[in-house]
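Participant: no sequence for this one, just the structure:
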């Protein structure tokens, strides 16, 4: 009996040692994973963004706010880093990434073949289908009702390209700022806006004078831009994004900015 007790005690000690070793290995693996995510500034994830595209990014007081900002903040937290937003102009945003001014781009950027030649992308984080917004109470209820109507678009965007494929429009009026397009729509200067669905949904929700009457499925998606060759960071972002979607955090952020839950 005494010998068996010794054996049991010894076995327990071995088991305890194995458990401790496994925990140590696990911690080592986590540290190794974090160590693989190298950034330009240790402990900081610098994000390049053109901050004039609500609800994805815009300025409130001295803060940058928006859907992209909230999602990037959560992603950064999951990576064990701190977020630093570098404001930049749209035409300089990809060159800035390529010249190491920041680690990532997160600025409502479409994943396109053209962009993908210059930078790498994370998995898509939101659908950016097109849509038609009209003034509340407008008789326009479908795309067919846009015949002989004036449609507003944001200059050089997929919304403009979508509108240009529509037949029978009286005029496509181009704006350099989507807010100006909505102001014109509310004043009756234009009859409708063709633009990204999330943006049309946001302005219709917050301003309360317009409504989205049709979503146009275009399979367009936004992604997080990473410098070519930085696969460790790209894969780490994909892993964090997956976990954010799985645990419901993504839905909470989406609902905050667009008023409804979204599963993507």
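Facilitator: That came through fine. Given the structure is predicted, the values throughout are model-derived calculations rather than measurements.
Participant: pretty sure residue 106 contacts residue 237?
Facilitator: No - using Cβ atoms under 8 Å, residue 106 is not in contact with residue 237; the gap is 9.6 Å. C-betas here are computed from N, CA, C, even on glycine.
Participant: can I see the domain layout of the protein?
Facilitator: 44-127+221-258, 130-216 (automatic domain parsing).
Participant: can you get me the start-to-end distance on the shortest one?
Facilitator: I take that to be domain 130-216. 5 Å (Cα to Cα, to the nearest Å).
Participant: also the longest one?
Facilitator: Start-to-end span of domain 44-127+221-258 (Cα to Cα) is 29 Å.
Participant: who are the contact partners of residue 157?
Facilitator: 195, 196 (Cβ atoms under 8 Å, 6 or more residues apart in numbering).
Participant: can you give me the strands in this structure?
Facilitator: Under the criterion DSSP state E, strands of the chain are mapped to 44-49, 58-60, 63-65, 82-87, 104-105, 120-121, 126-127, 130-135, 150-154, 171-175, 192-196, 210-216, 221-222, 225-226.
Participant: just those: most buried one?
Facilitator: Highest mean neighbour count of the strands of the chain: strand 192-196, a mean of 29 (counted as mean count of other Cβ atoms under 10 Å).
Participant: just checking, what packs against that strand?
Facilitator: strand 130-135, strand 150-154, helix 158-164, helix 178-187 (3 or more Cβ pairs under 8 Å, 6 or more residues apart in numbering; DSSP states H and E).
Participant: which strands and helices sit next to the first one?
Facilitator: Contact here means 3+ Cβ pairs under 8 Å, 6+ apart; on that basis strand 130-135 packs against helix 158-164, helix 178-187, strand 192-196, helix 197-207, strand 210-216.
Participant: direction included, what does that strand pair against?
Facilitator: strand 192-196 (antiparallel), strand 210-216 (antiparallel) (DSSP bridges).
Participant: need the ones you listed in CSV (columns: mean pLDDT and distance to residue 139).
Facilitator: Putting these into CSV (pLDDT from 0 to 100; distance: least, Cβ to Cβ, whole Å) gives the following:
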stretch, mean pLDDT, distance to residue 139
strand 192-196, 96, 11
strand 210-216, 95, 10
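Participant: can you add distance to residue 110 and give these back as JSON lines?
Facilitator: Shown next, in JSON lines, are the strands paired with strand 130-135 (distance: least, Cβ to Cβ, whole Å):
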{"stretch": "strand 192-196", "distance to residue 110": "9"}
{"stretch": "strand 210-216", "distance to residue 110": "15"}
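Participant: which parts of stretch 199-209 are buried?
Facilitator: For stretch 199-209, the neighbour count (16 or more other Cβ atoms under 10 Å) marks 199, 200, 201, 202, 203, 204, 205 as buried.
Participant: now these in CSV, with distance to residue 188 and pLDDT?
Facilitator: Listed next are those as CSV, based on distance: Cβ to Cβ, whole Å; pLDDT from 0 to 100:
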residue, distance to residue 188, pLDDT
199, 21, 91
200, 18, 93
201, 21, 90
202, 21, 91
203, 16, 92
204, 16, 92
205, 21, 88
